[in-house]
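Student: structure of the sequence below:
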Amino acid sequence: MSLWDIARRHRRLLALGVAVGLLGTAASLAQPLVISDLIDAAGGGRPLAPVIALVAALFCADAALAALEAYLVGRAGENTVFVIRRTLTARLLRATLSGYGRFDPGDVFTRMVADTALARIAITQSLSQITTNAFMVVGGIVLMAWIDLPLLLLTLLCLGAAAAVSLLLARRVRIAAAANREDTSGFGAGLQRALGALTTVKASRAEERETERIAGLARDAHRSGVRVGAYSALLTPAMNVGTQVALTAVIGWGMTRVASGHLSTADLTAFMMYLFYLISPLVTLFMAIGQFQQGRAAVDRLTELGRIEQEEDPRRGGERGERGERGERQRTDRNSRTAQHADRDVPAVAFRGVTFGYGTEPVLHDVTFSVPARGLTALVGPSGAGKTTVLQLIERFHRPDAGTVRVAGADVSTLSLDTLRGTVGYVEQEHALLSGTVRENLCYAAPDAGEEAIALALDRAGLTEVVSALPDGLDTELGDRGAGLSGGQSQRLAIARTLLQQPSVVLLDEASAHLDGETEQALRRAVAELAQQCAVVTISHRMSSVIDADRIILLEGGRVRAVGVHDVLMAEDPLYRRLAGAHPTDGGDAVIGTGTGIVEAAR
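Tutor: Numbering: from 1, shown residues only. From the prediction side, this is the model:
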């Protein structure tokens, strides 16, 4: 994705603004000539009223056109930054997990907020100012040459040195600005890291250490920001010195030429007015160049973010004709019907020779297993065995390096993401609730759910009484990550959200991790009831969540070690016995992983 391509979509509005600005510049350039004519008219006894009226008209036109230019360019800039933010937001939300993982969340936030604002200045405002002010400078120089070429050469000699210094400073500004953007992103990432784990920071008595660490990042941003400010601050004085020296030289030599009769007073007045008129455009021109250089650094960072790797979705893949679209819709409908109304003889999930790794690190090796269309299937194994990776491959958060993953008989790579993720419900180990009402969080995956379905989902997750006790019931506002509910309540709300989706396959990644014993018993009953209607795949620490599973898949080192039920695995597999850490007739809430083994999701 190119930000310049996005900017070109608004080139007509920007070009109109620049054209209006050029008309305003032309009105400004005409003013000294008319004022020179006014001086001649006063000296020659001609009527002054028409000339004064023309000067007043030029002043008014200049002001009106400048205001219109500012509005048009400003609107083009806001349109551009809106499209950039909307486009980047869509790409971020469609990004692969591995692609997004290469960026720090704080850095992404800084790019989306601060860098887009700088990009707006570079793409619209700076380009407009560079164009109009360059036209003003060139036009002024041409008219000054027409009035008196020797005086112009003297002026250019004085201004040339100042311009060279300004160009060098503008380049320094760009380099310093790029460093400052990186330092600012580092500060944002560091701050977000600490605030995102504020309770841990407090419990660890690490406030002072985190303050010092973040202060160090802020200090880096401060230093690079000071460099940007220093180089930017030198731009204006560099041009001011050149123009002041030029003005002094022009006054001295110009008066000499007037005294010698080589130049009239009116022409000298017009020449000096042009010189005054050049001061502001020259300063603005080089300031705009400096802003453009800063903006280029922001544009480069946004362009890098825009290249983030995207999830491939067959339904969204490229341009198709009407016939192709109709065929795709028919295939999607068939896939949807197949997934939602799977035959009991077709496995809900099937892995066939699946191999997968994060980068060069292998996680799964030639994994083959199936999950029946109904019933509870548990994934167990030591830490790092690849259990959560299995769930993420089912959701197609990642693609296998080899082999196939099938849902209801369909290869997940051929299903549209909407169909696949509407068919498969996923409750994460770390639940992700959003700021908003309880209802908004509950209906997030099923925004059109009715009140009856909502009530049933709340009941199955054991939340009916909890929601009734809230100040505004379902309309109670929650803070970030579900603030306002306990950890167990937040987890149950995430489970209810998945149940409301009515998927054919439910994936539970440590869904009972934050639940108390009584609530976990209620959830077990809900899961058992749900497993009679669809396939449930669970990862759990607790033996109580595994012991009654219809099928247990034991993973070790990214391979399927054994498949069976609890009693058989306890009798036949020493690793499972070690992980269970309890006698099969115990029947209690023993935790899988006591002793030497720990069942945790492998990231």
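
Student: from here on, just use CA atoms for contacts and neighbour counts.
Tutor: Will do.

Student: give me the distance between the two termini of stretch 476-494.
Tutor: With Cα to Cα, to the nearest Å as the measure, stretch 476-494 spans 16 Å from end to end.

Student: tell me how far that stretch lies from the chain's centre.
Tutor: Relative to its chain's centre, stretch 476-494 lies at 25 Å (Cα atoms, centre = their mean, to the nearest Å).

Student: do the same with stretch 213-227
Tutor: From the chain centre to the centre of stretch 213-227 is a distance of 23 Å (Cα atoms, centre = their mean).

Student: list the buried residues in that stretch.
Tutor: Under the neighbour-count criterion of 16 or more other Cα atoms under 10 Å, stretch 213-227 has Arg213, Ile214, Ala215, Leu217, Ala218, Asp220, Ala221, His222, Arg223, Ser224, Gly225, Arg227 buried.

Student: okay, and the second one sits in which element?
Tutor: Taking DSSP states H and E as the criterion, the element that holds Ile214 is helix 207-259.

Student: tell me the one among the buried residues of stretch 213-227 nearest to Leu434.
Tutor: Ile214 (26.5 Å; Cα to Cα).

Student: for the stretch 401-550 of the chain, just list every one of the helices.
Tutor: For the stretch 401-550 of the chain, the helices defined by DSSP state H, counting those that start in this stretch occupy 417-423, 438-442, 451-460, 464-469, 487-500, 517-531.

Student: give me the nearest residue to Gly403, chain neighbours excluded.
Tutor: Closest residue to Gly403 apart from its sequence neighbours, by Cα to Cα, 6 or more residues apart in numbering: Val354 at 4.2 Å.

Student: now do the SS call for that neighbour.
Tutor: Three-state call for Val354 (DSSP: H, G, I helix; E, B strand; the rest coil): strand.

Student: so what's it up against?
Tutor: Shown in contact with Val354 (Cα atoms under 8 Å, 6 or more residues apart in numbering): Leu364, His365, Asp366, Val367, Thr368, Pro400, Asp401, Ala402, Gly403, Thr404, Val405.

Student: was I right about Arg181 contacting Ala298?
Tutor: Yes - using Cα atoms under 8 Å, Arg181 is in contact with Ala298, at 7.3 Å.

Student: quick check: neighbours shared by the two?
Tutor: The overlap between the contact sets of Arg181 and Ala298 (Cα under 8 Å, 6+ apart) consists of Asp115.

Student: pull out the buried residues from stretch 525-532.
Tutor: For stretch 525-532, burial by neighbour count (16+ other Cα under 10 Å) applies to Ala526, Val527, Ala528, Leu530, Ala531.

Student: could those residues go into JSON lines alongside distance to Ala446?
Tutor: Below are those laid out as JSON lines (distance: Cα to Cα, whole Å):
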{"residue": "Ala526", "distance to Ala446": "19"}
{"residue": "Val527", "distance to Ala446": "20"}
{"residue": "Ala528", "distance to Ala446": "22"}
{"residue": "Leu530", "distance to Ala446": "18"}
{"residue": "Ala531", "distance to Ala446": "20"}
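
Student: any idea which of the helices of the stretch 401-550 of the chain is most buried?
Tutor: Neighbour counts (mean count of other Cα atoms under 10 Å) averaged over each of the helices of the stretch 401-550 of the chain peak at helix 487-500, with a mean of 24.

Student: that one vs helix 451-460, what angle?
Tutor: Between helix 487-500 and helix 451-460, the angle comes out at 140 degrees (axes from the mean of the first three to the mean of the last three Cα atoms, to 10 degrees).

Student: what's the angle between helix 487-500 and helix 517-531?
Tutor: Using the same axes, to 10 degrees: helix 487-500 against helix 517-531 is 10 degrees.

Student: which secondary structure elements does helix 487-500 contact?
Tutor: On a contact count with 3 or more Cα pairs under 8 Å, 6 or more residues apart in numbering; DSSP states H and E, helix 487-500 meets strand 424-427, helix 438-442, helix 451-460.

Student: can I get those in TSV with distance to Gly43?
Tutor: As requested, these are exported to TSV (distance: least, Cα to Cα, whole Å):
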stretch	distance to Gly43
strand 424-427	89
helix 438-442	80
helix 451-460	89
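
Student: nearest to Thr269, out of those?
Tutor: Closest to Thr269 of these is helix 438-442 (Cα to Cα; 70.5 Å).

Student: picking up where we left off before, any idea which of the buried residues of stretch 525-532 the model trusts least?
Tutor: Ranked by pLDDT, these bottom out at Ala526, which has 71.

Student: before we move on, the earlier item: reformat the helices of the stretch 401-550 of the chain as a markdown table; add distance to Val51.
Tutor: Shown next, in a markdown table, are these (distance: least, Cα to Cα, whole Å):
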| stretch | distance to Val51 |
| --- | --- |
| helix 417-423 | 71 |
| helix 438-442 | 69 |
| helix 451-460 | 78 |
| helix 464-469 | 79 |
| helix 487-500 | 77 |
| helix 517-531 | 90 |
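
Student: lowest-pLDDT helix or strand in the protein?
Tutor: For the chain, counting by mean pLDDT, DSSP states H and E, helix 322-340 ranks last in confidence among helices and strands (a mean of 43).

Student: show me the shaky parts of the stretch 351-500 of the chain.
Tutor: 430-432, 480-482, 487 (pLDDT under 70).

Student: can you pull out the helices in the stretch 1-150 of the chain?
Tutor: Counting by DSSP H, counting those that start in this stretch, the stretch 1-150 of the chain has helices at residues 3-8, 11-44, 49-93, 97-100, 105-110, 116-120, 127-147, 149-196.

Student: pick the most buried one from those.
Tutor: Most buried of those by mean neighbour count (mean count of other Cα under 10 Å) is helix 116-120; its value is a mean of 23.

Student: what's in contact with that one?
Tutor: Contacts with helix 116-120, where a contact means Cα under 8 Å, 6+ apart, come from Gly77, Glu78, Thr80, Val81, Ile84, Arg85, Gln294, Gly295, Arg296, Ala298, Val299, Leu302.

Student: show me the contacts for the first one.
Tutor: Applying Cα under 8 Å, 6+ apart, one finds that Gly77 lies in contact with Arg120, Ile121, Ile123, Thr124, Gln125.
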